[in-house]
Structure formats: structure tokens, C-alpha cells
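Visitor: what follows is a predicted structure for the sequence shown.
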Amino acid sequence: MHHSLSILSGLSMVLMTTACVPERVVVREPMPYSPPPQAAFPAPPPPTPETVVSVYIEPSIGQPAAIACPWAPPPMLVEAPPPRPYEGTYWTGGYWVWQGTWVWAHGRWAAPPGPNYGWRQPYYENRGGVVIFIGGHWADPGVVFVPPPATMRFTLELASPGVIPGPRPMGPSGIFIPPPPGSRMGIIIPAPLGTAPAVVTGAPPVVNVGMHITNNINSATVSNTTNIINNHTTVINNITNVTIVAPATATASGRAVNTTVPAQAPIAAAMPSVIKAPAPIPASEKPIPAFVHGQRPAALPQPQAVHPVAAATQAQAPAALPRAATPTPPSPVHPAPPLAVPAPQAKPVQSPPSQVHAAPPPPPPAPAARPAAKPAPVGARPPKHEQKPKGTNPPGSQQPLPAKVAVKPAPTQTGTMEKKQPAQDDKAKAKEDKKIPGA
């Protein structure tokens, strides 16, 4: 009996001790909860210099064969077109093309190869992380662009020796264009078929996926079309502007975008850019042929450095330019010529001295006063004679006359004076002879 009691007491102690274990676990305070860190969007990297190969491309006549490129094209460059030389030309180039690597096809105005030919923008498509590319080309009259079918198989193009591959396209599958200048490498911008890559020239740079482009089509001009091919062509030709949309999480500035820009490549390329990454001018004006699958890429020139300029620096640069330019207008070279013009006028001023030198000839008439000195002895009569004829030209008034003679031709006056003086002397002598008998 005693043994059984001891067993029961031992079991009770075991139960009591085991019951206390869960109580100790429950009493413990739970570990403090720390939420997982939220994903932060990376800050936009500062623009850094990069090297770009810039060439002129001889576009194909007719739609060329599509090729498969292993990585995405770089962000767009800034290239403002010059004025159109004449009507009927098209702005060709101003986008990235494949030549064993992505090279910049410099823009230029070009005439179509024949009448009724049109220009087709390049074609970029993200297909399973590979870029399907068709370069810009001249479209045959009446021929509509046909995207490569989804069932078409491609052989991936190889990079040229020494070229470092870039990132694969980052974004949804489908047609796209390269991102705005200064954007993160690899990002693509979904866009409708036929969109010119230059429409994103003035868009803010992006660092994440999210920016896309939509077309604004004038539906009134399409309502009367019934043929499918004509309808497709009409829609492409009636796109006057496009809308760029991007959430705040996609842009480098953290601000949402919803803006409308021109759809025409030459107009869109001339818009002010947030990041100015100027396209370098090709070293040679001779165009190279477009890339063809299975053929060796054309020889490329040396790459050139591109120095992107951020918007803040770009805003300060124009402020500094007017300051440097303002000193020049006050003291341009053009006002100086008017000051130099009087110098030729000084030469005419030298001509009067030639007239002044001609004045000395009047002094020779002074000897003409010799006849007046000889009749003086004829009597103290000349003084009386000088007082009476005040209205005439007395001999003594010849001295002020030379001052006037300097203005008028001296020889003529002196000649007349010499002729008049003898006549006046004869009259004076006749009057004196008449007066003498009466005295």
C-alpha cells in the first residue's frame, strides 16, 4: 500500500512538473516584429561620359529582312535637325542601328529614290529578351509595312570583336523605342507601330520600367476607309502627335509624366531635352550600307565621346552665355566703322587748305594800290575826293575787298578792280580840272 502511494505521489510530481513547462513558454514575451525593408528605387546616376560610333547609313529601298540583336539599344541622343533644304525631302536617321553593335545613324535630309516613295521609321521589338530590329528604309509606293510574324525563327547576331555586350531589354514584350536621353541602360519604352524614336527626346530620363507611348489618331479621316490596307496606311499618316505617360516610380525625378508631343521625327527631335546628350558628327560623310544578316559588318570609325549635361547644369549654361555675350554687343566691331568713316571725311577738310592757299593771290592786288599812292601828290585833293564818293568803290576800300575775294574767285575780282580804278581816276581828274578854273 505504501508502495502504491509512493508511485502515485511520483506520478503527481511528474504531472505537475510537465504542466509547468508550457506555462513557462507562454509567459515568455514574443520577439519584436520588424517589417521587411520596402524596395527603394535607385537614385538616377549622374550623367557620365560615354563613347558612341556615329555614321551615316545608306537606307534600303524596300523593307529589309529583320535581324535578332542580343541586347537593347542605348538611350536616345539629342540631334536637332537643320531647316529642310527644299520640299519633298525626309528626315532620315537619328536612331540606333545594328552594325555588330549599336551605332548611331546620324540624321540628315534626303530625297526619296523615286516618286511616291515614303520613309518608314525603324522597328524594335522585344521578343523573349531578344531585340528584333528592322532599320529605317524607303517604302515602295503602295506597300505597307508588315511586322515579322511571331512564328518566324531568327539566328542571334554576334557582336563584333572587342565589343562589350549590354543589358537585355527590360520591359514588356512587343514593339518599343529606345528610352529618353540619360535613361538607364536596357530600359525600353513600349510604343505603337511606326512611332519615331525621336518623340522621347524631350521626355525625362527613366530609371525603372513604366513609361509608354500612345497614339492620338484623327478618327474622322478613317471613317470613310473600307479597305484594310488603305485603312492601315491612313492611320499611320494621320498621327499628328503622341502621348507619353509614365508613373512617378519610373522617372529619375520621381514625378509622373503625361504629356503630348509631336509625332513627326524632325519636329520632336528639335524639342528641348531634359538631359542633353549631343550626337557626335560622323567623321566621314560617306554613308555605309545597312547591315545584312550573314554578311560582315561595315568598317566603323573610332568612337567619339559624348558628355551628357543634366538639366540643372543646362539651366546655368544659358545664364552664363548671355553674360558672356552682353559685353560684346556694347563694343562690337560694327559701330567702329562709322567712327572710321570720318577719316575719309577729313580728306575733304584738307581741300579747303588748298583754297586757303589760293587766297594769297589776292595779296598781289596790293600792288594795285600803287596808282593810289602816285595820285596822292596831285594834291591834298585826294583826301577830299575820298570823303565824297562813299557809294563808289574808292581806292582805299580795296583792303577789305581781299577778305571777300577769298570767298569768291580772286582773279576775276582783281581783274575788275584793276579795270575800274583807271576809269575812276580819269573822272576824278576831270572834275578837278573843272573846279580849278572856277577857283
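Guide: Sure, I can see it.
Visitor: secondary structure class for residue 282?
Guide: coil (DSSP: H, G, I helix; E, B strand; the rest coil).
Visitor: count the residues that sit near it.
Guide: The number of residues packed around residue 282, counting by other CB atoms under 10 Å, is 22. To be clear about C-beta, it is placed using only N, CA and C from the backbone, and glycine gets the same treatment.
Visitor: quick check: it touching residue 106?
Guide: Yes - using CB atoms under 8 Å, residue 282 is in contact with residue 106, at 5.2 Å.
Visitor: list the residues that contact both of those two?
Guide: Both residue 282 and residue 106 are contacted by 54-56, under the criterion CB atoms under 8 Å, 6 or more residues apart in numbering.
Visitor: pull stretch 292-309 out as CSV, backbone CA atoms only.
Guide: What follows is stretch 292-309 as a C-alpha-only set of coordinates in CSV (Å, rounded to 0.1, in the frame of the first residue of the first chain):
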residue,chain,number,x,y,z
VAL,A,292,22.5,42.4,-93.6
HIS,A,293,22.4,39.0,-91.8
GLY,A,294,25.2,36.7,-92.8
GLN,A,295,27.4,39.5,-94.0
ARG,A,296,30.4,41.1,-92.3
PRO,A,297,29.5,44.5,-90.7
ALA,A,298,31.0,47.5,-92.4
ALA,A,299,34.2,49.1,-91.1
LEU,A,300,33.3,51.5,-88.4
PRO,A,301,35.2,54.7,-87.4
GLN,A,302,36.6,55.4,-84.0
PRO,A,303,34.0,56.0,-81.3
GLN,A,304,33.6,59.6,-80.1
ALA,A,305,33.0,60.8,-76.5
VAL,A,306,29.5,62.1,-75.6
HIS,A,307,29.2,64.3,-72.5
PRO,A,308,25.6,64.3,-71.2
VAL,A,309,24.6,67.5,-69.4
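Visitor: burial measure for the residue nearest to residue 283 when sequence neighbours are not counted, as a count.
Guide: In space, and not counting its chain neighbours, residue 283 is closest to residue 301: 4.5 Å by CB to CB, 6 or more residues apart in numbering. Other residues lying near residue 301 total 14 when counted by other CB under 10 Å.
Visitor: check contacts around residue 301.
Guide: By CB under 8 Å, 6+ apart, the contact list for residue 301 reads 53-55, 282-284.
Visitor: for it, pull up the helix or strand it's in.
Guide: If you go by DSSP states H and E, residue 301 is not part of any helix or strand.
Visitor: tell me the pLDDT at it?
Guide: You'll see residue 301 listed with a pLDDT of 95.
Visitor: if I look at it, how far off is residue 53?
Guide: 7 Å (CB to CB, to the nearest Å).
Visitor: cool, residue 192 as well?
Guide: Distance of residue 192 to residue 53, given as CB to CB: 29 Å.
Visitor: do the same with residue 262
Guide: According to CB to CB, residue 262 and residue 53 sit 28 Å apart.
Visitor: over to residue 197: give its phi and psi.
Guide: With angles defined as degrees, to the nearest 10, residue 197 sits at phi -60, psi -20.
Visitor: for it, give me its contacts.
Guide: Counting by CB under 8 Å, 6+ apart, residue 197 makes contact with 76, 94-96, 121-122, 124, 177-178, 265.
Visitor: can you tell me which of those is closest to residue 140?
Guide: residue 121 (15.8 Å; CB to CB).
Visitor: can you put the contacts of residue 197 in a markdown table and add distance to residue 67, secondary structure and neighbour count?
Guide: Compiled in a markdown table, the contacts of residue 197 are given as follows (distance: CB to CB, whole Å; DSSP: H, G, I helix; E, B strand; the rest coil; neighbours: other CB atoms under 10 Å):
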| residue | distance to residue 67 | secondary structure | neighbour count |
| --- | --- | --- | --- |
| 76 | 20 | coil | 30 |
| 94 | 20 | coil | 28 |
| 95 | 15 | strand | 27 |
| 96 | 13 | strand | 26 |
| 121 | 16 | coil | 24 |
| 122 | 12 | coil | 23 |
| 124 | 11 | strand | 25 |
| 177 | 17 | strand | 25 |
| 178 | 16 | coil | 24 |
| 265 | 22 | helix | 25 |
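Visitor: low-confidence stretches in the protein?
Guide: Segments of the chain classed as low confidence (criterion: pLDDT under 70) are 1-49, 217-238, 311-439.
Visitor: max-length strand in it?
Guide: strand 239-246 (DSSP state E).
Visitor: how long is stretch 196-207 end to end?
Guide: One end of stretch 196-207 sits 21 Å from the other (CA to CA, to the nearest Å).
Visitor: next one: stretch 185-205
Guide: Stretch 185-205 end-to-end distance (CA to CA) = 11 Å.
Visitor: check the burial of residue 175 by counting its neighbours.
Guide: For residue 175, using other CB under 10 Å, the count is 20.
Visitor: that one contacts residue 125, doesn't it?
Guide: Yes - in this structure residue 175 lies within contact range of residue 125 using CB under 8 Å: 5.3 Å.
Visitor: shared neighbours, the two?
Guide: Between them, residue 175 and residue 125 share these contacting residues under CB under 8 Å, 6+ apart: residue 147.
Visitor: and residue 256, what does it touch?
Guide: When the contact criterion is CB under 8 Å, 6+ apart, the partners of residue 256 are 246-248.
Visitor: next, format these as JSON lines and append distance to residue 61.
Guide: Putting the contacts of residue 256 into JSON lines (distance: CB to CB, whole Å) gives the following:
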{"residue": "246", "distance to residue 61": "37"}
{"residue": "247", "distance to residue 61": "41"}
{"residue": "248", "distance to residue 61": "45"}
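Visitor: who touches the closest residue in space to residue 93 that isn't next to it in sequence in this structure?
Guide: Of all residues not flanking residue 93 in the chain, residue 107 sits nearest, at 3.8 Å (CB to CB, 6+ apart). Residue 107 makes contact with 79, 81, 91-94, 269, 279, according to CB under 8 Å, 6+ apart.
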